[in-house]
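Asker: can you look at this prediction? I've put the sequence above it.
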Amino acid sequence: MKAIACMLAAAAALLPALARAQATAPGDEPPADPQPSSTEQGQTPLDEAFAPRDRAAWIRETRRQAWKDTAFDVQARTFYLDRDKYDDSQSSAWALGGSAGFKTGYFRERFALAATGYTSQRLYGPDDKDGTLLLKPGQKGYTVLGEAYGEFLINEDTRLKLGRFGIDTPYVNRNDARMTPNTFQALAIQGVYGGDDGAPQWKFGAGYFDKIKERNSDTFVSMAKDAGAPAWVDRGVYTLGANYTQGRLSAGAIYYHSNDIISIFYTEGKYAIPVGDTARLNLALQYSDQDSAGDNLLKGDEFSAHQWGGKVELAYKGALFTTGYTRASGGTNMQNPWSGYPGYTSVQVEDFNRSGEGAWLLRASYAFQSVKGLSLYALYVDGSDPDAPNEYAKDEYNLNAQWAVADGPLKGLMMRLRYAHVTQKGPQSSDLDDLRLLVYYDPPGL
């Protein structure tokens, strides 16, 4: 772990220095203050599902014109991950890649086309240290056309997508926490209604997801197979959900059903309370219910699992202080077959969603006001013993430093350092260490 310690120290020293240099560049116009968030990388809150966060952005997209308004998107990525596991084995790799794609405007104000290619190539990756999910199994690089779809405007508020694309909902999402995201072969309809001038806003989504390309794969496979069903099983996933927002209140629910595989119901509510002129109290509740379906082809037997959670946050200027709790029950562990897990205590390594497991989270983050784009956070999750007699309680610590350059010659660059330490209790205590260094670059103007 000496190498890890050295990298942490070097990166911790480098980020503030680079940020100070960028902050003092002459002529820079400071961007608006970022809104602090405790959402983990790869997660999708329900109020951010289905569509852009606000209706104004949605409408701007619908008014683009075919070739004239074709938008191109290019991103370069490099990612280093090193994990020392509980059994003293190691996963390690360093990859270089990214994505390139386009989306046309709307032909005759009704139909648009889009496509995105992704690649991840090995810079470093010993064969005996596989498992980082930065590369294909065997530490192999890959290139894939992950998105190729058509989008139809039913009206200004409603869109229909058909083909292969990325989407974000709590249990079916991109889970974009490695080199390339999950994408899906699907048919989906999405809508945003209201929300202008403070009016209530409804978002809704429905669809059928037939196949998935996992984030370290170049092939699309059945959603059922990806969930863990036998290879011969071919089932998709039906989804239906909605979210309602009015003022400081947001609430919604979504349902997923895969015939003979699994049914998942998820609901979440949030409420924000102003505290004086500069602070805000955020309250949130979530509940997940999972059950076997039909012929029980996922596990071979019936199963049921549930988890509820609550979260309280205090936002003050650039600081955000969070405490949360989750509790899983039902006789089997919660499943997250197609995405990052949405639980409030799901963090860098562990999800804390085993049957009988309760977990407390404490988190503190700060987005620097004087150095735009520089943020830090630290968190601790204390998990209890799950029901299974051969499984034990775990605790996890995370440290994160990020600098996203908003202006100047380095605009479009994002550097992120993540470190996690997990302690597993039991007859013989064991530890896991996970170090990640990410550098993304989005060329300005694309």
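Answerer: Here it is on my side, so go on.

Asker: rounded mean pLDDT for stretch 338-351, please.
Answerer: Stretch 338-351 shows a mean pLDDT of 96.

Asker: same check, this time on stretch 138-151
Answerer: Across stretch 138-151, the average pLDDT comes to 98.

Asker: so which bits of the helix or strand containing residue 286 are buried?
Answerer: Residue 286 belongs to strand 279-292 when elements are defined using DSSP states H and E. Within strand 279-292, the residues that qualify as buried by neighbour count (16 or more other CB atoms under 10 Å) are 280, 282, 284, 286, 288-290, 292. Backbone N, C-alpha and C define where each C-beta goes, glycine included.

Asker: next one: stretch 400-418
Answerer: If you call a residue buried by 16+ other CB under 10 Å, then stretch 400-418 has these buried ones: 400-408, 410-418.

Asker: swap in stretch 115-127?
Answerer: Neighbour-count burial for stretch 115-127 flags 115-116, 118-122, 125 (criterion: 16+ other CB under 10 Å).

Asker: one more: stretch 93-105?
Answerer: 93-99, 101, 103-105.

Asker: which residues of the stretch 101-250 of the chain fall in strands?
Answerer: 111-124, 142-155, 158-165, 183-194, 201-213, 221-222, 237-246, 249-258 (DSSP state E, counting those that start in this stretch).

Asker: now the ones you listed in a markdown table, with distance to residue 324?
Answerer: Converted to a markdown table, the strands of the stretch 101-250 of the chain look like this (distance: least, CB to CB, whole Å):
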| stretch | distance to residue 324 |
| --- | --- |
| strand 111-124 | 33 |
| strand 142-155 | 33 |
| strand 158-165 | 31 |
| strand 183-194 | 28 |
| strand 201-213 | 24 |
| strand 221-222 | 34 |
| strand 237-246 | 20 |
| strand 249-258 | 17 |
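
Asker: rewinding a little: and which of the buried residues of stretch 93-105 is nearest to residue 78?
Answerer: Using CB to CB, residue 96 comes nearest to residue 78 of the buried residues of stretch 93-105, at 4.9 Å.

Asker: beta-bridge partners for the residue lying closest to that closest one once chain neighbours are set aside, please?
Answerer: Closest residue in space to residue 96, ignoring its immediate chain neighbours: residue 78 at 4.9 Å, by CB to CB, 6 or more residues apart in numbering. Legend: beta-bridge partners of residue 78 under DSSP bridges are residue 96, residue 439.

Asker: residue 78: what's it in contact with?
Answerer: Applying CB atoms under 8 Å, 6 or more residues apart in numbering, we find residue 78 in contact with 94-97, 123, 438-439.

Asker: same question for residue 423.
Answerer: Residue 423 sits next to 394-396, 429-431 when contact means CB under 8 Å, 6+ apart.

Asker: so it sits in a strand?
Answerer: Yes: counting by DSSP: H, G, I helix; E, B strand; the rest coil, residue 423 falls inside a strand.

Asker: quick one on the thing from earlier: out of the strands of the stretch 101-250 of the chain, flag the one nearest residue 382.
Answerer: Using CB to CB, the nearest of the strands of the stretch 101-250 of the chain to residue 382 is strand 249-258, at 28.1 Å.

Asker: give me the sheet partners of the closest one and which way each runs.
Answerer: Sheet pairing for strand 249-258, assigned by DSSP bridges, gives strand 237-246 (antiparallel), strand 262-275 (antiparallel).

Asker: for residue 47, which three-state class applies?
Answerer: Secondary structure, three-state DSSP: residue 47 is helix.

Asker: show me what contacts it?
Answerer: Taking CB under 8 Å, 6+ apart, we find residue 47 in contact with 203, 243, 245, 250, 252, 268, 270.

Asker: measure the closest residue to the second one other than its chain neighbours to residue 117 for me?
Answerer: Of all residues beyond its chain neighbours, the one nearest residue 243 is residue 252 (3.1 Å), with distances taken as CB to CB, 6+ apart. When distances are taken as CB to CB, to the nearest Å, residue 252 and residue 117 turn out to be 33 Å apart.

Asker: then residue 80?
Answerer: Look at residue 80 and residue 117: by CB to CB, they are 23 Å apart.

Asker: got the buried residues for stretch 199-206?
Answerer: 201-206.

Asker: I'd guess residue 68 is in a helix, am I close?
Answerer: Yes: read with three-state DSSP, residue 68 is one of the residues of a helix.

Asker: you'd agree it is up against residue 107?
Answerer: No: using CB atoms under 8 Å, residue 68 makes no contact with residue 107, being 10.9 Å away.

Asker: what is the neighbour count of residue 257?
Answerer: Neighbourhood size, residue 257 [other CB atoms under 10 Å]: 18.

Asker: what do you get for residue 219?
Answerer: Per other CB under 10 Å, the neighbour tally for residue 219 reads 11.

Asker: identify the residues contacting it.
Answerer: Shown here is residue 219, whose contacts under the criterion CB under 8 Å, 6+ apart are 144, 213.

Asker: rerun at 10 Å
Answerer: Residues near residue 219 by CB atoms under 10 Å, 6 or more residues apart in numbering: 136, 142, 144, 211-213.

Asker: okay, now the unreliable bits of the chain?
Answerer: 1-36, 41-42, 49-66, 446 (pLDDT under 70).
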